[in-house]
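1. Need coordinates for the following:
(2 chains)
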Amino acid sequence: MEQFVDFSLIDWSRAQFAMTAMYHWLFVPLTLGITIIIAIMETIYVRTGKEEWKKMTKFWMTLFGINFAVGVATGLILEFEFGTNWSNYSWFVGDIFGAPLAIEGIMAFFMEATFVAVMFFGWNRVSKKFHLVSTWMVALAVNLSALWILVANAWMQNPVGMWFNPETARNEMIDFWAVLFSPTAINKFFHAAASGWVTAGVFVVGISSWFLLKNRHKEVSRKSILIGALFGLGGSVLVMITGDGSARQVAQVQPMKLAVIEGLYEGEEGAAFSIAGYAKSTNNPERPYEKEMHSIKIPKMLSLLAFHEFNAFVPGITDLIEGNDEQGIISAYEKAIRGKKAQQMLRQFKDTKDTNPVEHARLKALFEDKEWIDNYFRYFGYGYYYDEDINVFRTNIARLVPNIPLNYWTFRIMVGLGCIFIIVLALALWWAYKRKLEGKKWFYYVAIICVPLVWVCTMCGWAIAEVGRQPWVIQDLMPTVSAVSQVSVGAVKTTFILFAVTFTILLIAELKIMFMQIKKGPKEG
Amino acid sequence: MFEKMSFLTLQHYWFILVSILGALLVFLLYVQGGQTLIRRLGKTPIERDILIGSLGSKWEFTFTTLVTFGGAFFASFPLFYSTSFGGAYWVWILILFCFIIQSVAYEFRNKANNFLGAKTYETFLFINGLLGTILLGTAVATFFTGSLFEIIQNENGTISSIWRGPARGLELAFDFTRYETFINLSLGLAVFCLARILGALYFINNVDNENIVKRAVSNVKITAIPFLIFFLFFLINILVKDGFAYNENQVFMEPYKYLHNLIEVPIIGILLLIGVVLVLAGIFLGGFKASSKGIWFAGIGTILTVFALLLTAGFNNTCYYPAYGEYLQSSINIENSSSSRYTLVVMSYVSLMIPFVFAYIWYAWRQMNKRKINASDVEEGH
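-> As a prediction, this is how the structure comes out:
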């Protein structure tokens, strides 16, 4: 692998995609939730006819509009970066991955584009009811859009509903419903969408608290807090339920991700959950990834969270790399050998097409044999890490361990902040309901600080999801080394800088406009 | 229903759908064309606000159609997606960049404290209208003139496409030693001019302002001449040139291939003819009669023309994304680049939603466009 792979190309391609995705996710979560909050407010306006609800609706809609534009721009780039920077991936699995993207376009984007125009420009052009329907359609469309892209992402983490066609040397879909309803997809959609609802809830509560701090728009702010906090809390409950579901899925499908999130080197039965800790290198040349972990732990908690059993075995990084016979875990080295074998079989299959029909037929049958698929083909991607030179092989295998500190800490920040938001939203709801928010300056400050923190929290979630699955573009089948487009490193560096500068300028513009609109408040909005 | 169709029929069906999306995209580039006319047609800030307000509720459709066009191509013909986007890297990056700066311009331009100033956002709109259309047109012309890439089999039996062009796609627009570059650019410039004509026709239809309409009418006339020159140069060249044909065994150059396609599949030829006539009728109505109906004629004409041209590139055993020269055999056609039969069947069921999508777009637009946009509307919106 070392000879033909330019790791700086992979790193820059990953950096470009990660940067685009992160900028995209700065704008999307708020969109997911605030459209529903706006729709609820407008529904109340249409039902009661009270102008203050219209004023609130228009104010939050203005903030949504500012946020929405950059989300659209970054979303476009993300879709096309699959082609520009990960072209081998696009061909290898375009069959399965492209379908949700196309459905997203047909189902969600047109709905969004049509009704966003009515929502913003239609106040004096269409009837009240049609306007309300349009606002709800926008809320539905943005969440539908999230569904399809998250189905696609979930499939990369847990490839189901497919088979490998040796004739085309591609993965092809055989069960659309399995792709759509895989437990990973369901958990991922609700977890990510609900995290957007929490973001919007915290945002509305935080901005409204700022108004209260400034003694402005008191009643409008109280009502906004009521709706934002209730909605955000509902989202939090869903985030917790699906977070639990996601953890169990990860334990089954991506055990390495779980191990790095926990900094768990040696697997154990009744594994403890690490609250906080640090790692020291063991300086073992045969195991360059290995470290010694020291941390404060809650006994058996990890086994309980991952498998809902106190004494379940949770494999550690070492078990997954070196293997663990007792637990029936084969080593990454063995997987690489088997993966290489599967790749060789594919090559032979191709080579014998015109020269040896009998052998060709035998090899074809192999790719349809479930036992062979389970024992060999499922490790196809590991084959890229095989090398006859043991030292190179060892270095390659160490690349199968994702960044541990990044995963470990982002997970803890995400969970910790998530818990804080639940408390803040619950207090906000209770006090707004009881009309006791007045004068609680300290709470206003806390709610305002939570606004940037909710973005930190949701970014951490994506960092875990994406960095935790490295180096896999498609779990166990395709690593980044084989997915990347063969573009020059210089070109990718240039486009990285181009996009980084552009997105940063747009972000600054967005924030400046957003702050100004908030300062103006609902009346002028 | 779709399960009973042959694989080849499904491949044709999906090429038709992708071509419809491509045709709609070119029609919707009237937004881009309109953007390049803001300073030309709007002489006062209020007039410019009216023009931008008029386009403001439509730009997202062009954007969405571009995204869906990409998604549909990805899902139905992934080898094209992989080859073209990963290969002609700079062309697509530049196109994408043009669209990033557009998306924020409408929303941010008139907002207080917008960091870059209204003029910068108007410049973004102009760049998007100018470069976006020219580059898209140039990229589509390569469907007829070819690119330099190779489809290879990797050591492990998987397939990859390798771009052999020296400048990652830019050579398709700047290699003036190759005659085909002029054909590529001529389509790019024709699309740019057409977008401007459509933009002006749209304003005639959508804006309630005498001065703007007057200037738009004169603009249709002025732009019609270069449009006809560039378009005819492109059309005549592809009709007389050798085309990229394929049979079971190989890809080969067939003299007058695209002309043959129009004759051998007469419906495509008829659609192209009707399309061109309607575009000319639209130009006549808008430019010489100041009729607000010009956009409908030219719009439908554009859709039919582009649709027919894309089918000419891909139907009748033609390689729609050809590789030229020594890489001829790597050329991409609808059979060797498509998704599996199963995916096409699933996606075909999804495609049944498209009429509903058109229906709600039509209904919403009808509600919104009951009256024309004037100065009083400029303050509205968000």
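
2. need the strands for the chain, in chain order.
-> No chain specified, so I'll use chain A. A:162-165, A:170-173, A:268-269, A:273-281, A:291-298, A:313-314, A:472-474, A:478-479 (DSSP state E).

3. Chain B, not that one
-> Counting by DSSP E, chain B has strands at residues B:149-153, B:159-163, B:243-246, B:251-254.

4. picking up where we left off before, take the strands of chain A and lay them out in TSV including distance to chain B and mean pLDDT.
-> For the C-beta atoms, the positions are set from N, CA and C on the backbone; glycine is no exception. Formatted as TSV, the strands of chain A follow (distance: least, Cβ to the nearest Cβ, whole Å; pLDDT from 0 to 100):
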stretch	distance to chain B	mean pLDDT
strand A:162-165	7	94
strand A:170-173	4	93
strand A:268-269	37	95
strand A:273-281	34	90
strand A:291-298	33	91
strand A:313-314	33	97
strand A:472-474	13	96
strand A:478-479	9	96
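
5. Near chain B, which residues of the stretch 401-525 of chain A are found?
-> A:482, A:485-487, A:491, A:495, A:498, A:502, A:505-506, A:508-510, A:512-513, A:515-517, A:520 (Cβ under 8 Å from any Cβ of the partner chain).

6. Which of the residues you listed are buried? Put it as a ChimeraX command.
-> In ChimeraX, this line selects whichever of these come out buried by 16 or more other Cβ atoms under 10 Å in any protein chain shown:
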select /A:482,485,487,491,495,502,506,509,510,512,513,517
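
7. any idea how chain A splits into domains?
-> Segmentation of chain A into domains, based on automatic domain parsing, reads A:7-254+A:402-524, A:255-401.

8. Determine which stretch of the ones you listed is the most buried.
-> domain A:7-254+A:402-524 (a mean of 21; mean count of other Cβ atoms under 10 Å in any protein chain shown).

9. between the strands of chain B, which gets nearest to residue B:219?
-> For residue B:219, the closest of the strands of chain B is strand B:243-246, at 35.5 Å, according to Cβ to Cβ.

10. need the longest helix for the chain.
-> By default, I'm working from chain A. In chain A, assigned by DSSP state H, the helix with the most residues is helix A:7-48.

11. my question was about chain B
-> As assigned by DSSP H, the longest helix anywhere in chain B is helix B:210-240.

12. Does anything pack onto it? Which helices or strands?
-> Where contact means 3 or more Cβ pairs under 8 Å, 6 or more residues apart in numbering or on different chains; DSSP states H and E, helix B:210-240 is packed against helix B:38-41, helix B:45-56, helix B:133-145, helix B:179-206, helix B:257-264, helix B:266-289.

13. quick one: average pLDDT of that helix?
-> Across helix B:210-240, pLDDT averages out at 97.

14. Show me what counts as buried in it.
-> In helix B:210-240, counting by 16+ other Cβ under 10 Å, buried: B:212-213, B:215-217, B:219-220, B:223-224, B:227, B:230-231, B:233-235, B:237-239.

15. And the pLDDT for the closest residue to residue A:36 other than its chain neighbours?
-> On the basis of Cβ to Cβ, 6 or more residues apart in numbering or on different chains, the spatially nearest residue to residue A:36 that is not a chain neighbour turns out to be residue A:139, at 4.7 Å. Residue A:139 carries a pLDDT score of 97 in this model.

16. do you know how far residue A:139 is from residue A:37?
-> Taking Cβ to Cβ, to the nearest Å as the measure, residue A:139 falls 9 Å from residue A:37.

17. tell me the contacts of the residue nearest to residue A:415 when sequence neighbours are not counted?
-> Residue nearest to residue A:415 in three dimensions, not counting chain neighbours: residue A:243, with 8.0 Å by Cβ to Cβ, 6+ apart. By Cβ atoms under 8 Å, 6 or more residues apart in numbering or on different chains, residue A:243 lies in contact with A:191, A:415, A:418.

18. ok, the second one to residue A:197 distance?
-> Between residue A:415 and residue A:197 the distance, using Cβ to Cβ, works out to 18 Å.

19. Just give the closest residue to residue A:443, not the sequence neighbours.
-> Excluding the flanking residues, the one nearest residue A:443 by Cβ to Cβ, 6+ apart is residue A:427, at 6.7 Å.

20. Contact partners for residue A:478?
-> Counting by Cβ under 8 Å, 6+ apart, residue A:478 touches A:89, A:92, A:93, A:380, A:381, A:472.

21. mind redoing it with 7 Å?
-> Residue A:478 is in contact with A:89, A:92, A:381, A:472, counting by Cβ atoms under 7 Å, 6 or more residues apart in numbering or on different chains.

22. mind showing which ranges of the chain have poor pLDDT?
-> If you meant another chain, say so; for now it's chain A. For chain A, the stretches with pLDDT under 70 are A:1-5, A:524-525.

23. other chain: chain B
-> Within chain B, the ranges that satisfy pLDDT under 70 run B:378-382.

24. one more time with 50
-> Residue ranges of chain B with pLDDT under 50: B:381-382.

25. Next, count neighbours for residue B:152.
-> Using other Cβ atoms under 10 Å in any protein chain shown, residue B:152 has 11 neighbouring residues.

26. likewise residue B:344?
-> Residue B:344 has 24 nearby residues by other Cβ under 10 Å.

27. Who's the closest spatial neighbour of it, skipping the chain neighbours?
-> Nearest residue to residue B:344 in three dimensions, chain neighbours excluded: residue B:10, at 4.1 Å (Cβ to Cβ, 6+ apart).

28. what sits against the one you found?
-> Counting by Cβ under 7 Å, 6+ apart, residue B:10 touches B:2, B:341, B:344, B:345, B:348.

29. so who does the last one touch?
-> Right, residue B:348. B:2, B:10, B:13.

30. Please tell me how far it sits from residue A:101.
-> 16 Å.

31. ditto for residue B:214
-> Going from residue B:214 to residue A:101 by Cβ to Cβ gives 44 Å.

32. same deal with residue B:146?
-> Residue B:146 is 27 Å from residue A:101, by Cβ to Cβ.

33. List the contacts of residue 144.
-> Using chain A here. Residue A:144 sits in contact with A:107, A:108, where contact means Cβ under 7 Å, 6+ apart.

34. please go with chain B instead
-> Taking Cβ under 7 Å, 6+ apart, we find residue B:144 in contact with B:238, B:258, B:313.

35. show me the contacts for residue B:91.
-> Listed by Cβ under 7 Å, 6+ apart, the contact partners of residue B:91 are B:135, B:139, B:169, B:170, B:172.

36. switch the cut-off to 6 Å
-> Residues near residue B:91 by Cβ atoms under 6 Å, 6 or more residues apart in numbering or on different chains: B:139, B:169.

37. Equivalent analysis for residue A:313, please.
-> Neighbour list for residue A:313: A:269, A:327 [criterion: Cβ under 6 Å, 6+ apart].

38. How much space separates it from residue A:256?
-> The gap separating residue A:313 from residue A:256 is 15 Å, by Cβ to Cβ.

39. ok, now residue A:110?
-> Using Cβ to Cβ, residue A:110 is found at 39 Å from residue A:256.

40. Please apply the same query to residue A:202.
-> Counting by Cβ to Cβ, the gap from residue A:202 to residue A:256 is 32 Å.

41. and if you look at residue A:27?
-> Relative to residue A:256, and taking Cβ to Cβ, residue A:27 is found at 31 Å.

42. Could you do residue B:137 as well?
-> 47 Å.

43. Repeat that for residue B:117.
-> 50 Å.

44. what do you get for residue B:346?
-> For residue B:346 relative to residue A:256 (Cβ to Cβ), the value is 32 Å.
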